[in-house]
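Enquirer: fold the stuff below for me.
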Amino acid sequence: MFLLYNTESEEHSSPEEMAAWGRFEALLAECGGKISGAALQPTATATTVSIRNGETLVTDGPFADTKEQLGGYYVLECADLDDAIDLAAHIPWAPTGHIEIRPVLDLS
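Expert: Got it, this is the predicted structure:
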């Protein structure tokens with residue numbers, strides 16, 4: 001799974017960035033490894049739920065109060081970590097944000 005972090009900014013919907021996302025999606029279609037992916041609504045729409053001492057706590061906003069926020073994700077089939085790193089380097093947010101790569105846990 002690729003977790004995409006960046007600042008929330010209007011610049012992320014510029015025509016240039018949208019074109020870069022189109023090129024990345026074309027690369028994924030070419031390599032055939034995309035399982036799923038989506039952009040997330042802004043953090044203002046987030047709700048965080050936790051249980052403490054048997055009590056359900058609900059907080060508006062994301063869990064982490066940081067400059068960068070989780071903005072989207074991809075689940076991609078990769079041959080190995082090197083393949084995943086190569087794909088992550090093509091994600092348009094890589095130059096300005098962070099791409100966290102994490103294997104999905106197989107619970108079968």
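Enquirer: just confirm Ala84 is within a helix.
Expert: Yes: counting by DSSP: H, G, I helix; E, B strand; the rest coil, Ala84 falls inside a helix.
Enquirer: ok, it - contacts?
Expert: Phe2, Leu76, Cys78, Ile101 (C-beta atoms under 8 Å, 6 or more residues apart in numbering). Heads up, the C-betas are built off the backbone N, CA and C, glycines and all.
Enquirer: by neighbours, which of these wins?
Expert: Leu76 (20 neighbours; other C-beta atoms under 10 Å).
Enquirer: now distance to Val58 and secondary structure too, for the contacts of Ala84, in TSV please.
Expert: As requested, the contacts of Ala84 are exported to TSV (distance: C-beta to C-beta, whole Å; DSSP: H, G, I helix; E, B strand; the rest coil):
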residue	distance to Val58	secondary structure
Phe2	28	strand
Leu76	32	strand
Cys78	36	coil
Ile101	31	strand
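Enquirer: now Ile101, nearest residue through space, not along the chain?
Expert: Nearest non-adjacent residue to Ile101, counting by C-beta to C-beta, 6 or more residues apart in numbering: Ala84, 4.9 Å away.
Enquirer: circling back: turn the contacts of Ala84 into CSV, columns for pLDDT and distance to Glu16.
Expert: Shown next, in CSV, are the contacts of Ala84 (pLDDT from 0 to 100; distance: C-beta to C-beta, whole Å):
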residue, pLDDT, distance to Glu16
Phe2, 92, 21
Leu76, 95, 24
Cys78, 93, 27
Ile101, 95, 25
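Enquirer: what's the neighbour count on the nearest residue to Glu77 once chain neighbours are set aside?
Expert: Leaving out its chain neighbours, the residue that sits closest to Glu77 by C-beta to C-beta, 6+ apart is Gly33, at 4.3 Å. The tally of other residues near Gly33 (other C-beta under 10 Å) stands at 17.
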